[in-house]
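Engineer: Got a predicted structure here, sequence first:
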Amino acid sequence: MASPAQFALSSSSNANTAGWVTFTYASFGMACAMAGLGVWALPADLWVKGYLLMSSVFLCGSTFTLAKTTRDEHESRRFANRLEDAKTEKLLMEINRGG
């Protein structure tokens with residue numbers, strides 16, 4: 001039988017379905033295509049279109065960076081909490097053996 005710690009580790013990993021992954025890639029592709037088409041069809045000078053395109057690319061890149069940083073911070077806190085829980089459990093087991 002799995003220990004509570006092993007169960008917590010195995011149940012915390014949420015795998016995405018293939019449909020969800022496909023949907024996210026398709027949504028991202030459509031959003032990029034629609035933004036590109038909007039900039040291309042905009043009745044403005046070439047330098048204005050270039051500025052909008054470059055700012056869109058920078059916005060997209062910084063969004064990925066922000067999402068990755070947020071995820072990494074969350075995972076590091078989860079890992080630190082698991083370590084603290086393991087230390088506490090070990091201490092409680094030692095107290096129970098002694099008492």
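Structural biologist: Okay, I see it. Predicted model, so just to flag it, every value in this text is computed and none were measured. Numbers count the residues shown, from 1 in each chain.
Engineer: Please count neighbours and contacts with C-alpha atoms only from this point.
Structural biologist: Noted.
Engineer: ranges for the helices of the chain?
Structural biologist: With DSSP state H applied, the chain shows helices at 4-11, 18-41, 46-98, listed in chain order.
Engineer: Could you check the angle the longest one makes with helix 18-41?
Structural biologist: Put plainly, it is helix 46-98. Helix 46-98 runs at 150 degrees relative to helix 18-41, counting by axes from the mean of the first three to the mean of the last three CA atoms, to 10 degrees.
Engineer: Can you list the low-confidence ranges for the chain?
Structural biologist: 1-13, 99 (pLDDT under 70).
Engineer: quick one, what contacts the most centrally placed residue in it?
Structural biologist: Closest to where the C-alpha atoms of the chain average out (CA atoms, centre = their mean) is Arg71, at 4.4 Å. By CA atoms under 8 Å, 6 or more residues apart in numbering, no residues touch Arg71.
Engineer: Swap in 10 Å and give it another go.
Structural biologist: By CA atoms under 10 Å, 6 or more residues apart in numbering, Arg71 lies in contact with Thr65, Arg77.
Engineer: just wondering, since we're on it, how far is it from Glu94?
Structural biologist: Going from Arg71 to Glu94 by CA to CA, to the nearest Å gives 35 Å.
Engineer: Could you do Gly50 as well?
Structural biologist: From Gly50 across to Glu94, the span is 66 Å (CA to CA).
Engineer: what does Gly38 give?
Structural biologist: 66 Å.
Engineer: okay, the two: which has more neighbours?
Structural biologist: A count of neighbours by other CA atoms under 10 Å puts Gly38 above the other of Gly38 and Glu94, at 14 against 11.
Engineer: So the more buried one versus Leu53, what's the distance?
Structural biologist: Gly38 sits 10 Å away from Leu53, taking CA to CA as the criterion.
Engineer: And for Gly61?
Structural biologist: 12 Å.
Engineer: quick one: which of those two has more around it?
Structural biologist: Leu53 (17 against 11).
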